[in-house]
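A.B. asks: Sequence and predicted structure, then a few things I'm wondering about:
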Amino acid sequence: MAVAEGEEGGKGLVWFVMNGLGMRFLGNTFGRGQNWILILMGALLFGGRAGAAPLRVSSDFEGGSVRNVSVIQESRTVEFMPGGDPVRGWPCWWYFKLEGVSSGEVLTLRLRASDATVPEAGRSLSKPLASSWSMPNQAAYSLDGSTWFQTEKGVRDGKWMTYALAVDASAVWVAWGPPYTPRGASEFVKAVGSEQRGALATELCRSREGRSVPMLKVQQGARSAEKRFGVWVQARQHAWESGSSWVAQGFSEWLLSDRAEAQWLREHAAVFIVPIMDVDNVATGNGGKDAIPHDHNRDWSDAPHWRETIAAQRIVRSLTEEGRMDVFLDLHNPGAGDPTFFYLLNRDMLPEPARGLRDRFIELSYGRISQGQPFIPMSNRPKFTGPDYHPLWRQISANWVSVNANAHTVAVCLETIWNCPSSNTEGYRAVGARLAQSVRDYLVERPVRE
Ligand SMILES: [Zn+2]
């Protein structure tokens, strides 16, 4: 989003060099015109001290988010808060790059929760967001900006969460969880969507800010469209929940694998996968959840605000008209202490046969997701939404689909755990693969459409 304070121009550089040598006071005593002298002094002094290049923080890239940065060069410590405009959702997402790292050194990241609020009574952010949302037990880091690892467990001390990070590189990216950006979604969809195995890279729509919303459509073989099950998979209606996009990617990878069950699903269904719904907030490093006027997952009404919702509803409606809106999956990440679980519309609000069919789908999915390695903690007890959960409960996507699609439609929200040792790209993709397998297990029991 922005370069950290104190880093712009030569003065910042000198400040850091001096600070690194314990001469913090000098940096403040020189005016702008004398910067070059300080730069020279700094370079000379710095040159004599290997392994202590000034640490620099930046977040001016897709998905980047950080603010209130303070770099303490002596102790190689970065203090920060998540960035994000609270008007555009919960400010719990953070993602930035650190340069000037010396090989083998141990950095200290000190995180405080965002203090940003929306000064409007009744808004969820009229008070700062609870710190647990922004403080994973283990943060994510990458040495190349694409392969993500987890730090050791952080240490909580009052308002601070501290992560130690040993890095053998000159730069490191750090984040709340493994990032998944619109560019990454587009590259993935294009890479797998070259019409191999019936996969087609396409676009759901353009966002309100003009960004492409990548979508993968998979249907293989000669079976005509009306004889195919309709399967809809969407992630990231809440921008900060990056893990859900990795689940969508794992779903896609399994679907396009050479397994016989995957081939069956490709040949008997039309599968639509949208790895990122709220591309604008993901791209700009905003949280998305509870954005104003409301977030994507409170937008499923007769008059949606967001273009992604409008476009998704159009496809869901057309599948419904053809009687083949079979499985609708909305992917999220839950609260910090939650395991993986399904969020569902109250059972008594569902038509038949959807009640029994949904129970069966949940049973199959729980069996798949909770088994195998990596281990994914999952609760076999879904949580339920309805009038007593949220005033806009009708406008939650899976609820809207449950009420507005076919009587046999299974529409569920899957919340995937984000705060455990398997909450990484491998674990999330495993959840996606197991979920895709569950869709196949479920549909193979359904009458083939003729
Ligand atoms: Zn969510």
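C.D. replies: Everything's here; your move.
A.B. asks: Now do the buried residues in the helix or strand where Asn399 lies.
C.D. replies: Using DSSP states H and E, the element containing Asn399 is helix 397-404. Residues of helix 397-404 classed as buried by neighbour count (16 or more other Cβ atoms under 10 Å): 397-402, 404. Placement of C-beta: from N, CA and C, glycine included.
A.B. asks: now those residues as JSON lines including distance to Glu209 and pLDDT?
C.D. replies: Shown next, in JSON lines, are the buried residues of helix 397-404 (distance: Cβ to Cβ, whole Å; pLDDT from 0 to 100):
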{"residue": "Ser397", "distance to Glu209": "21", "pLDDT": "98"}
{"residue": "Ala398", "distance to Glu209": "26", "pLDDT": "98"}
{"residue": "Asn399", "distance to Glu209": "27", "pLDDT": "97"}
{"residue": "Trp400", "distance to Glu209": "24", "pLDDT": "97"}
{"residue": "Val401", "distance to Glu209": "26", "pLDDT": "98"}
{"residue": "Ser402", "distance to Glu209": "30", "pLDDT": "97"}
{"residue": "Asn404", "distance to Glu209": "28", "pLDDT": "97"}
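A.B. asks: In JSON lines: those residues, plus distance to Trp240.
C.D. replies: Shown next, in JSON lines, are the buried residues of helix 397-404 (distance: Cβ to Cβ, whole Å):
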{"residue": "Ser397", "distance to Trp240": "17"}
{"residue": "Ala398", "distance to Trp240": "19"}
{"residue": "Asn399", "distance to Trp240": "21"}
{"residue": "Trp400", "distance to Trp240": "22"}
{"residue": "Val401", "distance to Trp240": "23"}
{"residue": "Ser402", "distance to Trp240": "25"}
{"residue": "Asn404", "distance to Trp240": "27"}
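A.B. asks: Redo those residues as JSON lines? Include distance to the ion.
C.D. replies: What follows is those, written out as JSON lines (distance: Cβ to the ion, whole Å):
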{"residue": "Ser397", "distance to the ion": "10"}
{"residue": "Ala398", "distance to the ion": "11"}
{"residue": "Asn399", "distance to the ion": "14"}
{"residue": "Trp400", "distance to the ion": "15"}
{"residue": "Val401", "distance to the ion": "16"}
{"residue": "Ser402", "distance to the ion": "17"}
{"residue": "Asn404", "distance to the ion": "21"}
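A.B. asks: Alpha carbons only: can I get the helix holding Asn399 in CSV?
C.D. replies: Coordinates of each C-alpha in helix 397-404 appear next as CSV, following Å, rounded to 0.1, in the frame of the first residue of the first chain:
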residue,chain,number,x,y,z
SER,A,397,-24.9,-16.6,-0.3
ALA,A,398,-25.5,-20.2,0.7
ASN,A,399,-28.8,-19.2,2.4
TRP,A,400,-29.9,-17.3,-0.7
VAL,A,401,-29.1,-20.3,-2.9
SER,A,402,-30.8,-22.7,-0.5
VAL,A,403,-34.0,-20.7,-0.6
ASN,A,404,-33.9,-19.6,-4.3
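A.B. asks: who does it touch, helix- and strand-wise?
C.D. replies: Helix 397-404 is packed against helix 307-321, strand 325-332, strand 341-345, strand 410-415, with contacts defined by 3 or more Cβ pairs under 8 Å, 6 or more residues apart in numbering; DSSP states H and E.
A.B. asks: Report the beta-bridge partners for the closest residue to the ion within the stretch 351-450 of the chain.
C.D. replies: Nearest residue of the stretch 351-450 of the chain to the ion, counting by Cβ to the ion: Glu415, 7.2 Å away. Under DSSP bridges, the beta-bridge partners of Glu415 are His332, Phe341.
A.B. asks: need the contact list for it.
C.D. replies: Glu415 makes contact with 332-334, 338, 340-343, according to Cβ atoms under 8 Å, 6 or more residues apart in numbering.
A.B. asks: Let me have the residues you listed in a markdown table, extended by neighbour count, distance to Glu152 and pLDDT.
C.D. replies: Formatted as a markdown table, the contacts of Glu415 follow (neighbours: other Cβ atoms under 10 Å; distance: Cβ to Cβ, whole Å; pLDDT from 0 to 100):
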| residue | neighbour count | distance to Glu152 | pLDDT |
| --- | --- | --- | --- |
| His332 | 21 | 27 | 98 |
| Asn333 | 27 | 21 | 98 |
| Pro334 | 21 | 23 | 98 |
| Asp338 | 16 | 22 | 98 |
| Thr340 | 25 | 23 | 98 |
| Phe341 | 22 | 27 | 98 |
| Phe342 | 23 | 31 | 98 |
| Tyr343 | 19 | 31 | 97 |
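A.B. asks: from those residues, which two are the most distant?
C.D. replies: Asn333 and Phe342 (13.5 Å; Cβ to Cβ).
A.B. asks: any weak-confidence spans in the stretch 1-150 of the chain?
C.D. replies: 1-51 (pLDDT under 70).
A.B. asks: Spit out the contact partners of the spatially most central residue of the chain.
C.D. replies: Closest to where the C-alpha atoms of the chain average out (Cα atoms, centre = their mean) is Ser242, at 1.1 Å. Listed by Cβ under 8 Å, 6+ apart, the contact set of Ser242 reads 93, 175-180, 236, 282, 333.
A.B. asks: And it, how close does it get to Arg307?
C.D. replies: 21 Å (Cβ to Cβ, to the nearest Å).
A.B. asks: Kindly report the same for Ala436.
C.D. replies: 27 Å.
A.B. asks: quick one: which of these two has more around it?
C.D. replies: Neighbour count, other Cβ atoms under 10 Å: between Ala436 and Arg307, Ala436 has more, with 30 against 19.
A.B. asks: SS state for the more buried one?
C.D. replies: Three-state assignment for Ala436 (DSSP: H, G, I helix; E, B strand; the rest coil): helix.
A.B. asks: Per-residue pLDDT of it, please?
C.D. replies: pLDDT, Ala436: 98.
A.B. asks: from memory it sits against Phe251, does it?
C.D. replies: Yes. With contact defined as Cβ atoms under 8 Å, Ala436 reaches Phe251; the gap is 4.5 Å.
A.B. asks: Which positions in the stretch 101-250 of the chain make contact with the ion?
C.D. replies: With Cβ under 5 Å from the ion as the criterion, the stretch 101-250 of the chain meets the ion at residues 238, 241.
A.B. asks: Closest approach to the ion from the stretch 301-450 of the chain, which residue is it?
C.D. replies: Closest point on the stretch 301-450 of the chain to the ion, by Cβ to the ion, is His332, at 3.5 Å.
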